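1. The sequence isn't on hand, but the structure is:
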């Protein structure tokens with residue numbers, strides 16, 4: 001649940017563009033999306049590219065991305081199973097930012113899943 005005064009949107013809830021990464025409209029300013037649909041498609045495309053890059057780098061010795069960041073990307077895409085797999089990895093690797101799991105807006109799409117409570121307890125926080 002978003003904190004008062006903030007907005008939180010799960011990308012999986014936004015309209016999908018069938019050609020991820022391709023702009024669907026024209027704006028006066030080429031850097032700005034023409035509509036919320038364009039914005040959703042652009043954001044989804046960015047997250048898809050980001051998660052691919054983070055997974056590619058996850059096997060490199062340095063700089064290795066934090067597993068919680070990959071989990072957050074999957075959560076925003078609505079792929080809860082992969083998000084929880086990466087959260088489990090973050091727990092095993094003792095990712096520092098895991099202490100913010102209860103308030104991380106990127107994980108809002110996982111709040112209704114009971115597995116998040118298990119992760120929160122494993123971190124040592126009260127769900």
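-> Arrived safely. Source: prediction; values computed, not measured. Numbers count the residues shown, from 1 in each chain.

2. Mind listing what's buried along stretch 65-85?
-> Neighbour-count burial for stretch 65-85, counted by 16 or more other CB atoms under 10 Å, picks out 65-80, 82-84. All C-beta atoms are positioned from the backbone trio N, CA, C, and that covers glycine.

3. ok, and what's touching it?
-> Outside stretch 65-85, the residues that touch it by CB atoms under 8 Å, 6 or more residues apart in numbering are 10-13, 44, 47-48, 50-51, 54-55, 57-58, 86-87, 89-90, 93, 95-98, 101, 104, 106-110, 113, 115-116, 119.

4. That stretch: how far from the chain's middle?
-> Once both centres are worked out by CA atoms, centre = their mean, to the nearest Å, stretch 65-85 turns out to sit 6 Å from its chain's centre.

5. Now the top helix by length along the chain: buried residues?
-> As assigned by DSSP state H, the longest helix anywhere in the chain is helix 36-57. Neighbour-count burial for helix 36-57 flags 38-42, 44-45, 47, 50-51, 54 (criterion: 16+ other CB under 10 Å).

6. continuing past that helix, what's the next helix or strand?
-> Sequence-wise, the next helix or strand downstream of helix 36-57 (DSSP states H and E) is helix 67-77.

7. continuing past that following helix, what's the next helix or strand?
-> Reading on from helix 67-77 to the C-terminus, the next helix or strand found by DSSP H and E is helix 80-92.

8. ok and that following helix relative to helix 36-57, angle-wise?
-> Angle, helix 80-92 to helix 36-57, by axes from the mean of the first three to the mean of the last three CA atoms, to 10 degrees: 40 degrees.
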